[in-house]
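Colleague: please work out how this folds:
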Amino acid sequence: MSTRPFMIGVAGGTCSGKTTVSEKLAELAGDEQLALLKLDSYYVSYDDQPLKVREKANYDHPDAFDWQLLNDHLAALSHGSTVPVPIYDYTNHRRSGAVRMVPPANIVVVEGILVLYESTLRERFDLKVYIDTDADLRFIRRLQRDVAERGRTMESIIAQYLESVRPAHEQFIEPSKRHADVIFPQGGMNAPAIDVLLARVRELAVIE
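Modeller: As a prediction, the model looks like this:
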């Protein structure tokens with residue numbers, strides 16, 4: 001790569017529609033043009049802790065993420081290198097040991113609840129997007145997802161939401177919205193807003 005990639009940060013609360021928006025961008029641009037990184041891949045792996053302890057960790061707190069590794073990977077992508085992105089095991093709350101090799105691309109999208117919170121990461125983005133969705137919708141989506149995809153019980157999901165997810169959203173995630181260049185109300189269901197972002201990515205994919 002002869003030029004630095006255009007970097008986009010897509011943030012928002014749990015199940016706000018970040019993945020929907022980011023994957024639409026990736027589908028439009030294609031793998032050769034766009035590299036998609038998910039903040040969830042960079043959870044700190046508490047391998048030395050028993051499962052019961054890992055289950056109770058606060059995964060919505062900034063301390064839950066390996067910011068150094070993510071920043072190192074973005075720096076490497078900027079210099080034209082392929083990076084080994086960890087694959088996280090949500091059932092056992094640890095890195096699986098496998099990695100996903102992500103090659104450099106003209107556009108790099110990083111999506112996750114706190115990508116506009118951490119200052120070093122935030123400064124890398126050329127465009128900062130916040131997906132804003134009502135709390136009740138986000139909770140329902142999270143409940144459905146964690147039961148269907150992550151083998152969680154309804155009781156554990158509700159307890160985690162009340163004990164850590166909701167407080168972390170109010171303390172860290174919602175305030176990070178002020179750093180956004182663009183805010184999407186109605187989340188991934190806001191077709192006009194997504195169309196504008198898609199048009200920008202289409203332009204970058206063609207020009208670059």
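Colleague: tell me the mean pLDDT for whichever strand in the chain runs longest?
Modeller: In the chain, taking DSSP state E as the definition, the longest strand is strand 94-102. For strand 94-102, mean pLDDT is 91.
Colleague: ok, stretch 124-131 next?
Modeller: On average, stretch 124-131 scores 95.
Colleague: my guess is residue 112 contacts residue 38, does it?
Modeller: Yes: if you go by CB atoms under 8 Å, residue 112 and residue 38 touch, sitting 6.1 Å apart. All C-beta spots, glycine's among them, are computed from the backbone N, C-alpha and C.
Colleague: neighbour count: the two, which is higher?
Modeller: Set residue 112 next to residue 38 and count neighbours by other CB atoms under 10 Å: residue 112 wins out with 24 against 19.
Colleague: low-confidence ranges, this structure, go.
Modeller: The model of the chain has pLDDT under 70 over residues 1-2, 187-189, 206-208.
Colleague: strands along that one, start to end?
Modeller: 6-12, 34-38, 83-89, 94-102, 107-111, 127-132, 182-185.
Colleague: turn these into JSON lines, columns for distance to residue 61.
Modeller: Shown next, in JSON lines, are those (distance: least, CB to CB, whole Å):
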{"stretch": "strand 6-12", "distance to residue 61": "15"}
{"stretch": "strand 34-38", "distance to residue 61": "17"}
{"stretch": "strand 83-89", "distance to residue 61": "16"}
{"stretch": "strand 94-102", "distance to residue 61": "17"}
{"stretch": "strand 107-111", "distance to residue 61": "18"}
{"stretch": "strand 127-132", "distance to residue 61": "19"}
{"stretch": "strand 182-185", "distance to residue 61": "23"}
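Colleague: between those strands, which one is nearest to residue 60?
Modeller: Closest to residue 60 of the strands of the chain, according to CB to CB: strand 6-12, at 12.4 Å.
Colleague: and the longest strand of the chain, what's buried?
Modeller: Buried residues in strand 94-102, counting neighbours by 16 or more other CB atoms under 10 Å, are found at 94-95, 102.
Colleague: and for stretch 9-26?
Modeller: 9-22, 24-26.
Colleague: and the strands of the chain: which comes nearest residue 142?
Modeller: That would be strand 6-12 among the strands of the chain, by CB to CB, at 12.5 Å.
Colleague: which neighbouring elements make contact with that closest one?
Modeller: Under the contact definition 3 or more CB pairs under 8 Å, 6 or more residues apart in numbering; DSSP states H and E, strand 6-12 sits against helix 18-29, strand 107-111, strand 127-132.
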